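1. Structure for the following, please:
(chains A and B)
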Amino acid sequence: MKQKLMATALAAALMAGPALADLTIIDTSYRTGPYAANGIPFSDGYQDYFTLLNARDGGIGGEKINLVECETGYNTEKGVECYEATKGAGNGALIYQPLSTGITYQLIPKASADGIPLHTMGYGRTSAKNGGVFEWVFNYPANYWDGASHAITHILDQNGGDISGKKISLIYHNSAYGKEPIRTLEELSAKHGFELVLLPVDHPGQEQKSQWLQIRRDRPDYVIMWGWGVMNQVAIQEAVNIRFPMENFIGIWWSGSENDVKAAGPAANGYKALTFHNLGRDYPVYADIQKHVVDAGKAAGAGDQVGSVLYNRGMYAAMLAAEAIKTAQEMHGVSAINAAQLRDGMENLEMTEAKMTALGLPGFGPEFKVSCENHGGNGYGAVSQWDAAAGEFKLITDYFQSDQEIISKLVAEDSAAFAAENGITPRC
Amino acid sequence: MPDSVIFGMEVFLNGLMAGVLYALVALGFVLIYKASGIFNYAQGVMALFAALTLVGIMEGQVPFSHLINAVLGTQVHHFGWHVPALLAVALTVVVMIALAWIVNKLIFRHLVGQEPIILFMATIGLAYFLEGFGDVMWGADIKKLDVGLPQGMNSAIDDVTFGIFGYGFFIDNLDIVATLVAALLVAGLVAFAQYSKHGRAMRAVADDHQAALSVGISLNFIWVMVWSLAGFVALVAGIMWGTKMGVQFSLSLIALKALPVLMLGGFTSIPGAIVGGLIIGVGEKMFEFAIGPLVGGATENWFAYMLALIFLVFRPQGLFGEKIIERV
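-> Have a look, this model is predicted:
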């Protein structure tokens, strides 16, 4: 009797848990702590898209998606703990989207050793674009250095292609993340003849009076911001306070969500931010998300983030992961793929307009093709602008390419240095 | 006059204003430490909780709405009304008094006579609890706080200084308000401590718990009163900082700005918190202005602590702190 009971309990436990053949996706989220306001919409978008695929399509290629969420609190140590705790979940974790440059740097050697791909979309180690060196890391469709170039290209466009003699200030989070664009901007400064002024802000960035007083004294023509969390809100408020023209203030995509501008109220109108995906919820896929996920009570959060900038980014990341899974399934002829097969799928991913339209996301992101040499896409991005009256960011440019002449050189240099330090022979 | 001197004067004034904002946070620490010997690690989180509650009340937000909706399947978020700022501030004060009573009843009443490190650890636990509780109660989104305080460049100062120096100084209206509020707050607190019955009782408890008890002063009442006062100071700090950066969970990190102020001004002196704040504010801003460009900038955080450490070498009790002499 006792044995029967134990067998029944074991069977029930197995049935209740995820089937071993499921595609296990890890969502390393941060719904608590100082960065929760940004972590929640991204995680909601990431999870809701996979939930939609499960509910509407029965998963991907007939395999259900087993979503495992792990809270990092945007803390590097906790992020690594999450990785260690979840990499064996289900049939083995297929992919990680760490959503933190700090966590990414820690996971690059671990994931490479474990054979699990990382997708660090618009963050992380920029030179991971060189897939010959970084076999398990992908950062398509755009990286930090692309972003720096996008900002300068936009300023060039605004000035008839000539910005020699202009003064551009970079206000940045004084961390590895914030310092990422400096080398690129220095190269672009030499190429285009503008003066670059660097203004670091200490973490977390609640007090920026010194930097903005300097901006007021220096009177730069443009200010570019590389911030995150509270630094963004304070910077935008300080820019408003000193009456800096908002249309000349451009943030990287991590400084361009509704969270960053709403605290400053209507005065933030006109602030610009870069993006590598489209905005709003005027896409057919959102009707499906509303019907199959939100209205069905299956939304990851409160269901109140759908269509926000960071929700869209999370949803876009999930869509790219799902398309890589499909590519891997086709390549290997199996539906229950493993992490190594997904890596192959990611390396052969091609996003076309036709594919995005079929997914209910026409024009949502740039077209790109991944290869062994290029894990980072083609470096396309766009500029958005905050419309305070409408309460939304709107795309004001088409997607345009970063300065590949400079970016390619920097990627080659940095990845070669990494390969030399770590004894890696480039694969391609 | 050389441009660098004029710019330096502007930076000096802004340093004073920033110092007042730091001092506002430090004041809450001083009040509790002075009366009970507890270093309240949760002071920053109390400022966050107070600001969250204020915005929640003003916006008519339903507390615990995410939890209620998740459990009951409802879709309630707002009551549909907006509460005027002054009334909302008054209601938030009531909430902070209730919090003080609960904290004392559930935590510190049971820890009377314990080592200071135990009390400190309790406040760490309180900070984590309160942060999570605030999250569940009001949500993690960034909220705009508008209680009607002016913000942005003061045009009069800009015009006057332009007339004198040919360069208009930037002074934020919010900083001017913060300075006035801080002055009133300190004057009120000092007057309360010196001249009111409960203020004198508070000082008696601060001097000697047991002696105060022996003359009939209720330790519980004084502690609730002091935590309520610290809650009120936290609300004022939360309003000033929340107006500046939006009400968000990073607000709790403003406590980091108060630590060097406390080290410098002393943990037991209300005027010390103000003077310490002004010295730190001016010191870090002037250092960043004069030396920052030579060393790559971003000197303010470490300079504040370095300055406090230098003071500690010469005055371990801080500028205005009480010198503790223990005879064996």
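
2. what about the strands in chain B?
-> In chain B, no strands are defined using DSSP state E.

3. Most distant residue from the centre of it?
-> Most distant residue from the mean C-alpha position of chain B: B:Gly73, 38.5 Å away (C-alpha atoms, centre = their mean).

4. What about the closest residue to it other than its chain neighbours, how many residues nearby?
-> Among residues not flanking B:Gly73 along the chain, A:Gly297 sits closest, at 7.1 Å (C-beta to C-beta, 6 or more residues apart in numbering or on different chains). No exception for glycine: its C-beta is placed from N, CA and C like everyone else's. Residues near A:Gly297, counting by other C-beta atoms under 10 Å in any protein chain shown, number 9.

5. Phi first, then psi, for the residue farthest from the centre of chain B.
-> phi 70, psi 20 (degrees, to the nearest 10).

6. so the residue nearest to B:Gly73 makes contact with B:Gln75?
-> No - in terms of C-beta atoms under 8 Å, A:Gly297 does not count as a neighbour of B:Gln75; the distance is 10.8 Å.

7. Do I have it right that B:Ala23 meets B:Ile279?
-> No - at 10.0 Å, B:Ala23 does not count as touching B:Ile279 under the criterion of C-beta under 8 Å.

8. Neighbour count: those two, which is higher?
-> Taking other C-beta under 10 Å, B:Ala23 and B:Ile279 do not tie; B:Ala23 has more neighbours (32 against 23).

9. which ones are touching the residue in the stretch 251-400 of chain A that chain B sits nearest to?
-> Using C-beta to the nearest C-beta, the single residue of the stretch 251-400 of chain A nearest to chain B is A:Ala263, 2.9 Å away. A:Ala263 makes contact with A:233, A:236-237, B:142-144, B:245-246, B:248, according to C-beta atoms under 8 Å, 6 or more residues apart in numbering or on different chains.

10. So the longest helix along chain B, near chain A or not?
-> Identified as the longest helix of chain B according to DSSP state H is helix B:3-36. Yes - looking at helix B:3-36 against chain A by C-beta under 8 Å from any C-beta of the partner chain, the contacts come from B:7, B:10-11, B:14, B:17-18.

11. got the residues of the stretch 51-200 of chain B near chain A?
-> So the stretch 51-200 of chain B meets chain A at B:66, B:69, B:73, B:77, B:132, B:135, B:140-144, B:146, B:151-153, B:170, B:172 (C-beta under 8 Å from any C-beta).

12. which residues of chain A fall in helices?
-> Using DSSP H, helices in chain A cover A:2-16, A:36-57, A:76-86, A:101-114, A:144-158, A:176-192, A:209-218, A:230-241, A:258-262, A:284-288, A:309-332, A:339-347, A:353-358, A:404-422.

13. whoops, the stretch 1-150 of chain B was the one
-> B:3-36, B:43-59, B:65-72, B:85-106, B:116-138 (DSSP state H, counting those that start in this stretch).

14. And the residue of chain B closest to chain A?
-> Counting by C-beta to the nearest C-beta, chain B gets nearest to chain A through B:Gly246 (2.9 Å).

15. gap between the closest residue to A:Thr24 other than its chain neighbours and chain B?
-> Among residues not flanking A:Thr24 along the chain, A:Gly90 sits closest, at 3.5 Å (C-beta to C-beta, 6+ apart). Note on A:Gly90: its distance to chain B, by C-beta to the nearest C-beta, to the nearest Å, is 25 Å.

16. Give the burial count for A:Gly90, as a bare number.
-> A:Gly90 has 21 nearby residues by other C-beta under 10 Å.

17. Look up phi and psi at it.
-> phi 60, psi -130.

18. circling back to that earlier point, which of the residues of helix B:3-36 next to chain A are buried? Put it as a PyMOL command.
-> The following PyMOL line selects those of the residues of helix B:3-36 next to chain A that are buried, judged by 16 or more other C-beta atoms under 10 Å in any protein chain shown:
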select buried, chain B and resi 7+10+11+14+17+18
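
19. thinking again about what came up before, overlap of the contact sets of B:Ala23 and B:Ile279?
-> Taking C-beta under 8 Å, 6+ apart as the contact rule, B:Ala23 and B:Ile279 both touch B:Gly265.

20. For the longest helix of chain B, buried residues please.
-> B:6-7, B:10-11, B:13-36.

21. Stretch A:178-190 too?
-> Buried, per 16+ other C-beta under 10 Å, within stretch A:178-190: A:178-185, A:187-189.

22. same question, stretch A:243-259
-> Applying a neighbour-count criterion of 16+ other C-beta under 10 Å, one finds A:244, A:246, A:248-259 buried in stretch A:243-259.

23. again, but for stretch B:108-121
-> Buried residues in stretch B:108-121 (16+ other C-beta under 10 Å): B:108, B:119.

24. doesn't A:Gly303 make contact with the residue farthest from the centre of chain B?
-> No - assessed by C-beta under 8 Å, B:Gly73 is found out of contact with A:Gly303, at 12.0 Å.

25. circling back: isn't the residue nearest to A:Thr24 up against A:Asp22?
-> Yes - counting by C-beta under 8 Å, A:Gly90 touches A:Asp22, with 5.3 Å between them.

26. What's the local residue count around B:Ala51?
-> Neighbour number of B:Ala51 under other C-beta under 10 Å is 29.

27. For it, give me its contacts.
-> B:145, B:235, B:238-239, B:241-242, B:247, B:251.

28. can you give me the end-to-end distance of stretch B:142-154?
-> Terminal residues of stretch B:142-154 lie 26 Å apart, using C-alpha to C-alpha, to the nearest Å.

29. And the contacts of that stretch?
-> Residues from elsewhere that reach stretch B:142-154, judged by C-beta under 8 Å, 6+ apart: A:37, A:233, A:237, A:240-243, A:259, A:262-263, A:265, A:267, B:51-52, B:54-55, B:58-59, B:85, B:88-89, B:170-174, B:176-177, B:239, B:242-244, B:246-248.

30. returning to what we had before: report the two of the buried residues of stretch A:243-259 separated the most.
-> Across the buried residues of stretch A:243-259, the two members that end up farthest from each other (C-beta to C-beta) are A:Asn248 and A:Asn259, 21.7 Å apart.

31. so where is the chain shaky, pLDDT-wise?
-> Since you didn't name a chain, this refers to chain A. A:1-21 (pLDDT under 70).

32. Wait, chain B was what I had in mind.
-> B:323-328.

33. ok, B:Ser155 - how many residues close by?
-> Counted with other C-beta under 10 Å, B:Ser155 comes out at 10.
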